[in-house]
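Asker: Compute the structure for the input listed below.
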Amino acid sequence: MPLPNDRRFRFGVVLHTAGSRREWREQCRKAEQIGFDTISAIDHLGKPAPFPALMLAAEATQRVRLGTYVLDATFHSPALLVRDVATTDLLTDGRLELGLAAGRPSASPDKLREAGMPYPTPAERADGLERTVAALRRLYADPQIRPGPPERPLPPLLLAGRGERVLRLAAREADIIGFNGTVAGPSGRVGLPAFAGTDAIARRVAFARAALGDRITQVEFNHEAPAVVVTTARRQALDRLRTLAPSLTAEERGHVPGFLVGTPAQIAEQIRRNRETFGFSYITVLDGGLDAMAPVIELLR
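Answerer: Below is the predicted model of the structure:
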């Protein structure tokens, strides 16, 4: 099997803003027509529940995989989660791609308390992710599980994170390792994350590669791209991204793997460099990048 920097490209999009059944179906159809390989749903309070959204996406599409990008392990009981995963996998004909993370709280402590949920520390979130992965594997392997899932031992498993514990877990367990490119923030920080420069990302990738050992040829590297800006005024667009990477210069922001800025040809070349440098062959954009990625995907196919 090829190393991560030799793999064919795959593209995913996270959809979460449709206001009706019709809008959701139309967005999903458009994503498939553009050439995305995966349509994913997020797992945030105040956003659509991921599994019902994926079931509707399955009705509207034929080819794409349907992913969770990513489930917060602290939100879910493993026994209930395995039921949702197995049912969704079965009723989408095995198209599910299961993304999990330790979670960076997307809601304030007050909002979580109102929902009856804890506000865990980073260590507690990592503990929860490890327990969830172990429980899912154990429960999914039970031959008595109903409904009987079409994929065993699990659907393709994406584990995302930046900490060493999570990356070690991903190196042992994941089919796909998700790198979000963020820097560590204050504990309990809510809101938009800050993004790291290339040196910090390279260190995370090097750590994961070393932890993978012989599994390096079996695991795909994914990266989230929160900003896709098609423009001929690249420098000005990078200046506007200052709030997402305040510690970086505009030139440094231009090399951040998750900031895809420029003409379609420039963005395509940046994605090629990201694969060569970091091994990122699987790129996931947010729904704001849905249309912007169309000419880029065409160039890279």
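
Asker: Quick check: which ranges of this protein have low pLDDT?
Answerer: Within the chain, the segments meeting pLDDT under 70 span 1, 3, 104-119, 147-152, 184-192.

Asker: Just the helices from the stretch 151-300 of the chain, written as ranges.
Answerer: Remark: helices assigned in the stretch 151-300 of the chain by DSSP state H, counting those that start in this stretch are 164-173, 198-212, 234-240, 250-253, 264-278, 294-300.

Asker: Make CSV out of those and add distance to Arg7 and mean neighbour count.
Answerer: For every residue, glycine as well, the C-beta is placed using N, CA and C. Formatted as CSV, the helices of the stretch 151-300 of the chain follow (distance: least, CB to CB, whole Å; neighbours: other CB atoms under 10 Å):
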stretch, distance to Arg7, mean neighbour count
helix 164-173, 17, 20
helix 198-212, 14, 17
helix 234-240, 27, 16
helix 250-253, 26, 16
helix 264-278, 8, 18
helix 294-300, 12, 18
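
Asker: Which one of the ones you listed lies nearest to Ser20?
Answerer: If you check each of the helices of the stretch 151-300 of the chain against Ser20 by CB to CB, helix 294-300 wins as the nearest, at 23.1 Å.

Asker: In terms of secondary structure, what does the closest one contact?
Answerer: Secondary structure elements in contact with helix 294-300, counted by 3 or more CB pairs under 8 Å, 6 or more residues apart in numbering; DSSP states H and E, are strand 227-230, helix 264-278.

Asker: CA atoms of it as PDB?
Answerer: The C-alpha trace of helix 294-300 is given here as PDB (Å, rounded to 0.1, in the frame of the first residue of the first chain):
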ATOM      1  CA  ALA A 294     -15.400  22.600  -7.400                       C
ATOM      2  CA  PRO A 295     -12.700  23.800  -9.800                       C
ATOM      3  CA  VAL A 296      -9.900  22.600  -7.400                       C
ATOM      4  CA  ILE A 297     -11.200  19.100  -7.300                       C
ATOM      5  CA  GLU A 298     -11.500  19.100 -11.100                       C
ATOM      6  CA  LEU A 299      -7.900  20.100 -11.400                       C
ATOM      7  CA  LEU A 300      -6.700  17.400  -9.000                       C
END
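
Asker: contact partners of that helix?
Answerer: Identification of contacts with helix 294-300 by CB atoms under 8 Å, 6 or more residues apart in numbering yields 9, 11, 34-36, 228, 230, 260, 264-265, 267-268, 271-272.

Asker: circling back to that earlier point, would you mind giving the helices of the stretch 151-300 of the chain as a markdown table with distance to Ala86 added?
Answerer: Conversion of the helices of the stretch 151-300 of the chain to a markdown table gives the following (distance: least, CB to CB, whole Å):
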| stretch | distance to Ala86 |
| --- | --- |
| helix 164-173 | 18 |
| helix 198-212 | 28 |
| helix 234-240 | 43 |
| helix 250-253 | 42 |
| helix 264-278 | 33 |
| helix 294-300 | 31 |
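
Asker: Show me the one of these that comes nearest Arg138.
Answerer: helix 164-173 (12.5 Å).

Asker: Right, I'll leave it there.
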